Every structure is written in structure tokens, then in C-alpha cells.
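Student: model this:
(2 chains)
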Amino acid sequence: MIEVNHLTKSFDDKVVLDDISGIFEQGRTNLIIGASGSGKSVILKNIVGLFEPDSGEILYNGRDFINANRDVKTDIRREIGMLFQGGALFDSMNVEQNVKFPLDVLTKMPEAEKLERVNTVLSRVKLENTNKKMPSEISGGMQKRVGIARAIVNNSKYLFCDEPNSGLDPRTSIKIDQLLAEITDEYQITTVIVTHDMNSVMEIGEYVLFISDSKKLWEGTSGDIMHSGVQELDEFVFANKMMRQAKERSSF
Amino acid sequence: MRNLGKYILFLGKLFSNPESFKTYFKLIMDECIYIGINSIVLVAIVSVFMGAVSTVQTAYNLISPLIPDSVIGLVVRDLTILELAPTITAIIFAGKVGSSIAGNLGTMRITEQIDALEVMGINSVSYLVLPKIVATLFMYPFLVILAGSLAIGGGYLAAEFAGVVSPSSYFIGLKTTFNEFTVTFALIKSVVFGFLVASISAFMGYYTTGGALEVGQSSTRAVTVSCIAILLSDFVLAQILLVR
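Tutor: From the prediction side, this is the model:
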């Protein structure tokens, strides 16, 4: 479980996160949603330690991440897997080397065991027989799946995904969403996904935290989102025609 | 001044929270090939011509009948060892390797590959930059030795084929009043210049922000700042080590 308490972050004079709190439970797909520029990616980068918050608290299973010493911070980080918006695969390495990378650097596992683990996670994300392909030789959706495989290969306890569906067609997006939900349930990981894709919200959102203009305006489940009563959230959720039609149908 | 402070902090991060020796060893070997071996051809071509042109131009300037032809060999030797081999090669090295280091790290930064390392709990500065600096410190002195030897060889070729000085006079000049310290001085310079090129270029690339345009700008800045740093340190080293 990850607890975020009263997180605040500014860049120069601009407040990007204003007193954000939320609890991301283990074994649940937790979504942070909001319009572009609302600050949702900044929350994620603060939680994983890529940004230093101005104030607030981040607890990983009760362990204070912000005030932790370097060793504790490194230990926590080694329990984290992250899927980046563009995949962030290492260009100079093939699929197998990319997925094996955390095991090579962070563990003393024998080579055969590493390869077995790599093949297991690659088959879990349905990417068998792609081991020797370079990132440039595979599609965007496959790159995302390699990214997921790399994020979970070291038995990560926490999985963070920054816009996992960006640049993907709707069908591939649904597959990625389902894969993330399955992995979360199967490995009992604490998964936090930043997205503005309403399909993802409705498909896999077990806990949803809505951010607008640097503030948390709403939290709840995807089932409650239609009836939040928050104007900004309504404007965000029902921005497209399909969602408006769905709401009209549900109100009959 | 702010960038200088940032650069010093960046260097401090090289040694904090390092990975295992085995990890670095493989990376250093890869960088030695990339930085050192892949630069040999360019350095060799430039050095041979540098030596040949120095010989021709020195001969052109020595018109007094009171000055023996062998002085040409002496001038080319000292010019090569003291300045051309370590300094001019460093500027070429900054253009080839420095821009490549900055471009590589800049691309890794904008495609979030550096963030991916940090999230895994890996010190990205140490993991990505330290092997490049160590490999440069190992390989650049060898390139300077190669450059010096080939430049003197190039001078011989000019003597032989351009006819500006007889090869025997050139050899006599090479052996006249040789001060071994010039070689030591050249090697000290090579270590300093190698460090400056690798660390400055890595610094510029590592802190790239934006997109493809900014990666290009980082590469250009890396070469420019490296060249200025080379020339400044060249003067400082000469002042400290040569002036009695």
C-alpha cells in the first residue's frame, strides 16, 4: 500500500500539486486521472522519487520515502517497476537484454535463472519469440508490453504506469489495460496508473483519484464516477459523445 | 558559476551509490572500444597530415642558410609532442567522441531512459557516465601516443616525398637535444583533456531538457565548452609544468 499525504510541489512560483492525498491499496488498480497539464504525471514522479516534493509524506507500506536515508530509498526503489509513456526501453539492448537488465544490475541470480525469469515474464505479456528483436523493430504496443515485463521481472511490489495507452489504438489499449489489471491481481502488486483515457477508467479503475488545476477534487471507484456531482469531473468524463450517450442511457 | 557548481555536484555523484565492479568492467570495456578503438582511424589520418604539413611549413619558414635542415625534425618533434598530439587531437576527440557522448545521454534523457534507471534505484550518473570517463582516461593517452608517433612519421613522409628536407637530416633533428619530460607533459595533458572532454560532454548531455532540437544543441555546446576547457587547461598546465 502507498499512502500520499498532503503532497505539495511547485516549479518556481507555479504550484503544480496543492495538498494532494490518497491511498493506493495493494492488489488494486489505482488510477490518477485529469486533463493534460493538471499535474497527474508530477504526482507520479514525486511518488517514485524523480521529483522532490516541497512538503507532504509518501509512505510505502509505512516506510517514509521522502525522509528516508539513501539506503532505504534505494531499497524501496528496487521494489518499484515503472512503465513510462514512451516505453523507455534501452535502444542499445534487445528485448531480452532490456527485460533482464534489472536482474543483471540489481541481483546476483545465476544467468540460467535470469533467462528463465525473463522468458516467464515475456510469455506472461504474450511476447514469446521476440527475445532477440531490438526495440526499433517492434510496434508501440509491443514496446509497452516489454516495458511491463521489465517492470515486473524483479518481482516488483509497486507498479507505476505513466499514460500506458498513449499512442496506441483502442484495441491495443484495452489489451494493455487488461494485462495491467491481470498482473496487479495475479502478483498482488500496488499499481498506480496515470491516464486521461476514459476507456481505461471504466475498464480497470478500482480506485480513481481526479486531479484538476493542481488539486484533488474527487476520489472513488469507476462505478461512482458517473454520479460524482463534481462539475470539473463531469466535464472531463463526459467530454466525448460516447460517454454522454452512456450517461443518458444510464439515467433512464 | 551556477553551471560550474552543478558540474561539480555532478562529478560528486559519479562515486555515490555505485554498482558492482563486474557491471562497471563490462561497461568500461564497451566504452573503450566505442571511444578509443573507433577513434583510431580519424586520429591516424589527422596525425599523419598534421606531421607532414608541419614539416613542409617549418621548412618553408627556415630560409636562413645558418640554420641547419635538421632543425626541421627538432621543431616538428617538439611541436608534435608538446602541442599537436595532445591538444589538436583533443579538439578532434571532442568533436567526435564528445558530441557522441552528449547526444547519447541527451537522447536517453528525453526518452526517459535515464528516469527508468533512477526509478530502478540505479545511480544513473555513476552507471552511465563513470564508465565513459574511465574509458577515456585509459584510451585517450594511447590515442595521443599514436597521434604523436604518426605525426612524426607523417613528417618523415613529407621529407621523403616532398623533398623539403632530406630524411637523414630529419632523423638527426628528431634525436637532437631530446627532453624526455615533454613526453611526460604530453601524457599529463592527455589525461586532463580526456577527463574534461568526457565529463563536460556527459554533463551537457545528462541535463538535456526538451526534444530532438535540444539534443543537437547539447552536442554543439558539449564540443564548444570542451574546446574552451581544453585550451584554458592547456595554458594553465604549460604555465605550471613548463615555466621554471
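
Student: Which residue lies closest in space to residue B:214, excluding its sequence neighbours?
Tutor: In space, and not counting its chain neighbours, residue B:214 is closest to residue B:208: 5.4 Å by C-beta to C-beta, 6 or more residues apart in numbering or on different chains. Just so you know, the C-beta spots here come from the backbone N, C-alpha and C atoms, and that holds for glycine as well.

Student: again but with residue A:30, I slipped
Tutor: residue A:24 (4.1 Å).

Student: mind checking the SS state of the residue in chain B that chain A sits nearest to?
Tutor: Taking C-beta to the nearest C-beta, chain A has its nearest neighbour within chain B at residue B:121, 3.3 Å off. Following DSSP: H, G, I helix; E, B strand; the rest coil, residue B:121 is assigned to coil.

Student: Can you get me a residue count around residue A:187?
Tutor: 16 (other C-beta atoms under 10 Å in any protein chain shown).

Student: Is it correct that it is in contact with residue A:151?
Tutor: No. Using C-beta atoms under 8 Å, residue A:187 and residue A:151 do not qualify as a contacting pair, with a distance of 10.8 Å.

Student: In space, not sequence, find me the middle residue of chain A.
Tutor: With distances taken as C-alpha atoms, centre = their mean, residue A:161 lies nearest the centre of chain A, 2.1 Å away.

Student: Check chain B too.
Tutor: What sits nearest the mean C-alpha location of chain B, by C-alpha atoms, centre = their mean, is residue B:90, with 2.7 Å.

Student: Would you tell me what the next helix or strand after the helix or strand harbouring that one is?
Tutor: Residue B:90 belongs to helix B:89-93 when assigned by DSSP states H and E. As assigned by DSSP H and E, the chain's next helix or strand after helix B:89-93 is helix B:99-110.

Student: CA atoms only for that next one, dumped as CSV, please.
Tutor: Provided in CSV are the C-alpha atoms of helix B:99-110 (Å, rounded to 0.1, in the frame of the first residue of the first chain):
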residue,chain,number,x,y,z
SER,B,99,29.4,15.2,-29.3
SER,B,100,28.5,11.5,-29.4
ILE,B,101,28.5,11.2,-25.6
ALA,B,102,26.3,14.3,-25.2
GLY,B,103,24.0,13.1,-28.0
ASN,B,104,23.7,9.7,-26.5
LEU,B,105,22.9,10.9,-23.0
GLY,B,106,20.7,13.6,-24.2
THR,B,107,18.6,11.1,-26.2
MET,B,108,18.5,8.8,-23.2
ARG,B,109,17.2,11.8,-21.1
ILE,B,110,14.4,12.9,-23.4
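
Student: So what's the gap between it and the chain middle?
Tutor: Here the centre of helix B:99-110 is set off from its chain's centre by 19 Å, with C-alpha atoms, centre = their mean, to the nearest Å.

Student: Would you mind pulling the contact partners of that helix?
Tutor: Here helix B:99-110 makes contact (C-beta atoms under 8 Å, 6 or more residues apart in numbering or on different chains) with A:91, B:113-114, B:128-129, B:132, B:198, B:201-202, B:204-212, B:214-216, B:218-223.

Student: Next, count neighbours for the closest residue to residue B:187 other than its chain neighbours.
Tutor: If the residues on either side of it in the chain are set aside, residue B:187 comes closest to residue B:141, at 5.4 Å by C-beta to C-beta, 6+ apart. Residue B:141 has 20 neighbouring residues, counting by other C-beta under 10 Å.

Student: now residue A:171
Tutor: 9.

Student: For chain B, which segments count as helices?
Tutor: Remark: helices assigned in chain B by DSSP state H are B:2-13, B:21-31, B:40-61, B:70-79, B:89-93, B:99-110, B:113-119, B:124, B:130-162, B:167-175, B:181-206, B:212-242.

Student: and if you look at the stretch 101-250 of chain A?
Tutor: A:111-124, A:140-152, A:170-187, A:198-204, A:231-237, A:241-251 (DSSP state H, counting those that start in this stretch).

Student: Can you lay out those as JSON lines showing mean pLDDT and distance to chain B?
Tutor: Formatted as JSON lines, the helices of the stretch 101-250 of chain A follow (pLDDT from 0 to 100; distance: least, C-beta to the nearest C-beta, whole Å):
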{"stretch": "helix A:111-124", "mean pLDDT": "93", "distance to chain B": "12"}
{"stretch": "helix A:140-152", "mean pLDDT": "91", "distance to chain B": "8"}
{"stretch": "helix A:170-187", "mean pLDDT": "89", "distance to chain B": "17"}
{"stretch": "helix A:198-204", "mean pLDDT": "84", "distance to chain B": "20"}
{"stretch": "helix A:231-237", "mean pLDDT": "82", "distance to chain B": "25"}
{"stretch": "helix A:241-251", "mean pLDDT": "71", "distance to chain B": "30"}
